[in-house]
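Peer 1: Build the 3D model from these lines:
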Amino acid sequence: VFYMDTVFSPWLRPGELRAILIWGELPRDMDSYLLVPHKDHEEPPCEVSWISGECHSGGAELDYDVKSSYGPETITIKKFREGKYRYRVAEYKGKEDNREVLLNSRAQVTVHTESMGARFVVAKDGAPGDGFIKGRDWYVFTIDGTTRRILPCTPDTCGSGYHDPKGLGNG
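Peer 2: Model (predicted):
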């Protein structure tokens, strides 16, 4: 059985998007990461996370970094730019192969704009989930910065380097 919790989000301005991560009691600390395309396409994308709360080129920021179970942890895109955004989740200081912890986390991510919402869940008890798990990361979704289309991550759509800004490729 998968339990869905309700999350409330402050109003968003037109053109903004918010991703909200919630999870169960364990693990105690989960973190969200968003790769943001740089405004200069010659530069690698930056990653918004607990390490760097906002991008050096602007446009997205970490609103809340919760460190004591359940969440919510939120990232807001304030201004989209051309390119591909990628959202992933990891346990803070998790093991290299963290599949079981992620599968048992009850993690879910809701995405909100001023006019729509979407929900992504990690797989649980043999039920299919959204995105995919590789190593210590759950790769959740991508966003096309031009069309604002949101798609669940697959190994193909998240690019060859997954979250490595230098290995994104065109996938």
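Peer 1: can you count the residues close to Gly131?
Peer 2: 25 (other Cβ atoms under 10 Å). Every residue, glycine included, has its C-beta placed from N, CA and C.
Peer 1: For it, what are phi and psi?
Peer 2: When quoted as degrees, to the nearest 10, the phi and psi of Gly131 stand at phi 70, psi -160.
Peer 1: and it, what does it touch?
Peer 2: 120, 122, 138-141, 152-154 (Cβ atoms under 8 Å, 6 or more residues apart in numbering).
Peer 1: Pull the most distant pair out of the residues you listed.
Peer 2: Val122 and Thr154 (15.0 Å; Cβ to Cβ).
Peer 1: Tell me which of the two has more neighbours.
Peer 2: Val122 (23 against 12).
Peer 1: And the more buried one, its phi and psi?
Peer 2: Residue torsions, per degrees, to the nearest 10, at Val122 are phi -80, psi 150.
Peer 1: That one: what's it in contact with?
Peer 2: Counted by Cβ under 8 Å, 6+ apart, Val122 has contacts 89, 102-103, 105-108, 129-131, 133, 138.
Peer 1: And the contacts of the helix or strand where Ala90 lies?
Peer 2: According to DSSP states H and E, Ala90 maps onto strand 84-91. Outside of strand 84-91, the residues within contact range by Cβ under 8 Å, 6+ apart are 19, 21, 27, 29-37, 60, 75, 77, 98, 101-102, 105, 107, 109, 122, 136-145, 153, 158-159, 162-163, 168.
Peer 1: CA atoms of stretch 21-37 as PDB?
Peer 2: Backbone C-alpha positions of stretch 21-37 (Å, rounded to 0.1, in the frame of the first residue of the first chain) are rendered in PDB as follows:
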ATOM      1  CA  LEU A  21       9.800  16.200  -2.300                       C
ATOM      2  CA  ILE A  22       8.300  14.300   0.600                       C
ATOM      3  CA  TRP A  23       9.200  10.900   2.000                       C
ATOM      4  CA  GLY A  24       8.600   8.600   5.000                       C
ATOM      5  CA  GLU A  25      10.400   8.400   8.400                       C
ATOM      6  CA  LEU A  26      13.400   6.700   6.800                       C
ATOM      7  CA  PRO A  27      15.800   7.800   5.600                       C
ATOM      8  CA  ARG A  28      16.100  10.800   7.800                       C
ATOM      9  CA  ASP A  29      17.500  13.100   5.200                       C
ATOM     10  CA  MET A  30      16.700  13.100   1.500                       C
ATOM     11  CA  ASP A  31      17.900  15.700  -0.900                       C
ATOM     12  CA  SER A  32      16.600  17.100  -4.200                       C
ATOM     13  CA  TYR A  33      18.900  18.200  -7.100                       C
ATOM     14  CA  LEU A  34      17.900  20.100 -10.200                       C
ATOM     15  CA  LEU A  35      20.300  20.600 -13.100                       C
ATOM     16  CA  VAL A  36      19.600  24.000 -14.700                       C
ATOM     17  CA  PRO A  37      20.800  24.900 -18.200                       C
END
